[in-house]
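Trainee: next one to model:
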Amino acid sequence: MAVLPLTVKPIQPPSGSKIDFGAQIDGIDLENISDEQFATIRNALYHHHVIVFKNQDSISPKAQYELTKRFDPAADNYGHGKTIDAKRSILHPDLKTVPHQPQVQIIGNGFIKSYEGLENFQLRHPHHRTFHKDHIPDDKDYDFTRFYRWHIDAALYDLNPPQVTTLLAVQVPKGRRQTLLYDDGSDETMDVPLGTTAFVSGERMFELLSPAEQEFVRTSKIEYAPHPQDKKLIIRASYIWMSPAHSRSTGLGLHTENLELPASDLPPIDASKIKILPMLWKNPVTGKLALQIHPSAIRRIHLADGTVIDDLARVREIVYKLQRPGISPPYVYAHDWEEGDLVLFNNRGVLHSVVGAFRPDEVRLFRQCNLAAVEEPVGP
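Mentor: Here you go, the predicted model:
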């Protein structure tokens, strides 16, 4: 088979945007990727962080899984099946996986008659009213929306954060946009496509910090709560420890209301599996540093001198102050999904969020895949 000419084209940001990441790759058959082509894709990913492949309607779940795994060939699979604690996890009970490729999950909204061996099943798009402390009035729900939850795909207990995630748009609702509200006392808003996936760059988030803040994040580490998420179903970011807690209106971390589950209500805790990770993660190709913190799962901050900040409210306020500038509208890439788009993103270089409020009859069908990494992220 002839090798197709592969081209990498940076995404052109809209007027007024300060987005400096994202690229489109054309001229590639993702079912048959040569070693040379993969080297180009990998290099592009770590320079651009979010890669869009258009017209991938026919890519198989097997090829999607193999592309994901190629970034970390020895990666462990997230097991799929019954959740550890489905009753308390913020997880839709009708989560689906592809029967013949269980590393690939099916997500979206609406009733699906038949897809990849599954019959007559319902998908539900996460809505901010189920997680935020307050929400947009119901009568404005279809015109306005919020970031649901800024996060990194990661279990953050026992398993290491995946290197990459792949996300394929199979069916996308057409013709409607929403106004995204920050609702945090600022007047910031965004015009976004219905059901967009929003991305921000961890590298830009670091660059926006003051010199003193940069030194702080360079020398500090985050300790994540035990069992913050269900590792079996992490692709949908299901939560255990913080399941009763409420998100800020920006989707960036949680309010402190002492609602988190006590250790006695969690699955057994192995202290050796608790993750303490650098605040900054190094890009394996460019060496640049990205501020990569999952704000909902944080528990403590470990300082360079050995001091540990244990007060949860203070920990959350510190991290929020560090991350909030980086999610302002000029720095957000809101992907306008078209059917057949496959997006590959650097899970160790960007944060992302689900967005959107759907009507029951608006069908959104996506496939998503990521794998627990072999190694922890590398810090400064």
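Trainee: tell me where the stretch 51-200 of the chain has strands.
Mentor: 96-98, 101-115, 118-123, 144-145, 164-171, 177-181, 189-193, 197-201 (DSSP state E, counting those that start in this stretch).
Trainee: in CSV: those, plus mean neighbour count.
Mentor: For every residue, glycine as well, the C-beta is placed using N, CA and C. Output for the strands of the stretch 51-200 of the chain, formatted as CSV (neighbours: other Cβ atoms under 10 Å):
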stretch, mean neighbour count
strand 96-98, 21
strand 101-115, 19
strand 118-123, 13
strand 144-145, 20
strand 164-171, 22
strand 177-181, 19
strand 189-193, 17
strand 197-201, 24
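Trainee: export the ones you listed to JSON lines and tack on distance to Ser353?
Mentor: Listed next are these as JSON lines, based on distance: least, Cβ to Cβ, whole Å:
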{"stretch": "strand 96-98", "distance to Ser353": "21"}
{"stretch": "strand 101-115", "distance to Ser353": "14"}
{"stretch": "strand 118-123", "distance to Ser353": "18"}
{"stretch": "strand 144-145", "distance to Ser353": "11"}
{"stretch": "strand 164-171", "distance to Ser353": "13"}
{"stretch": "strand 177-181", "distance to Ser353": "10"}
{"stretch": "strand 189-193", "distance to Ser353": "11"}
{"stretch": "strand 197-201", "distance to Ser353": "5"}
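Trainee: mind putting those into a markdown table with distance to Val332 and mean pLDDT?
Mentor: Putting the strands of the stretch 51-200 of the chain into a markdown table (distance: least, Cβ to Cβ, whole Å; pLDDT from 0 to 100) gives the following:
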| stretch | distance to Val332 | mean pLDDT |
| --- | --- | --- |
| strand 96-98 | 29 | 92 |
| strand 101-115 | 21 | 95 |
| strand 118-123 | 25 | 94 |
| strand 144-145 | 13 | 97 |
| strand 164-171 | 17 | 98 |
| strand 177-181 | 9 | 97 |
| strand 189-193 | 7 | 97 |
| strand 197-201 | 5 | 98 |
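Trainee: who wins for proximity to Ala263 among the ones you listed?
Mentor: Nearest of the strands of the stretch 51-200 of the chain to Ala263, taken as Cβ to Cβ: strand 101-115 at 29.2 Å.
Trainee: in its sheet, what does that closest one sit against?
Mentor: strand 96-98 (antiparallel), strand 118-123 (antiparallel), strand 364-370 (antiparallel) (DSSP bridges).
Trainee: quick one: Arg348 and Gly108, what's the gap?
Mentor: 25 Å (Cβ to Cβ, to the nearest Å).
Trainee: surely Leu280 touches Gly379?
Mentor: Yes - using Cβ atoms under 8 Å, Leu280 is in contact with Gly379, at 5.7 Å.
Trainee: let me see the mean pLDDT of stretch 228-246.
Mentor: For stretch 228-246, mean pLDDT is 58.
Trainee: repeat for stretch 265-273
Mentor: 83.
Trainee: off-centre distance for that stretch?
Mentor: 24 Å (Cα atoms, centre = their mean, to the nearest Å).
Trainee: over to stretch 348-367?
Mentor: On Cα atoms, centre = their mean, the centre of stretch 348-367 falls 11 Å from that of its chain.
Trainee: who has more neighbours out of Leu280 and Gly379?
Mentor: More crowded of Leu280 and Gly379, by other Cβ atoms under 10 Å: Leu280, with 24 against 17.
Trainee: got a list of what the nearest residue to that one once chain neighbours are set aside touches?
Mentor: Of all residues not flanking Leu280 in the chain, Leu289 sits nearest, at 4.3 Å (Cβ to Cβ, 6 or more residues apart in numbering). By Cβ atoms under 8 Å, 6 or more residues apart in numbering, the residues touching Leu289 are Glu203, Phe206, Arg218, Leu280, Trp281, Lys282, Asn283, Pro380.
Trainee: what's the most distant pair in those?
Mentor: Top of the distance list for the contacts of Leu289 (Cβ to Cβ): Arg218 and Asn283, 14.7 Å.
Trainee: any idea how far Asp184 is from Asp134?
Mentor: 11 Å.
Trainee: biggest helix in this structure by residues?
Mentor: helix 35-48 (DSSP state H).
Trainee: lowest-confidence helix or strand of the protein?
Mentor: Lowest mean confidence among the helices and strands of the chain (mean pLDDT, DSSP states H and E): strand 96-98, at a mean of 92.
Trainee: picking up where we left off before, tell me the most packed of the contacts of Leu289, by neighbour count.
Mentor: Trp281 (27 neighbours).
Trainee: how far away is the closest residue to it other than its chain neighbours from Asp139?
Mentor: In space, and not counting its chain neighbours, Trp281 is closest to Pro377: 4.0 Å by Cβ to Cβ, 6+ apart. For Pro377, the distance to Asp139 equals 44 Å [Cβ to Cβ].
Trainee: and those two? Which one has more around it.
Mentor: Ranked by neighbour count (other Cβ under 10 Å), Pro377 and Asp139 place Pro377 first, with 22 against 7.
Trainee: and the more buried one, which of the three is it?
Mentor: coil (DSSP: H, G, I helix; E, B strand; the rest coil).
Trainee: phi first, then psi, for it.
Mentor: phi -60, psi 150 (degrees, to the nearest 10).
Trainee: close enough to count as contact, it and Gln292?
Mentor: Yes - taking contacts as Cβ under 8 Å, Pro377 lies within contact range of Gln292: 6.8 Å.
Trainee: quick one: common contacting residues for the two?
Mentor: Trp281, Arg348.
Trainee: hang on, the earlier thing: and of the contacts of Leu289, the nearest to Leu342?
Mentor: Asn283 (22.1 Å).
Trainee: give me the pLDDT value at the closest one.
Mentor: So, for Asn283, pLDDT stands at 98.
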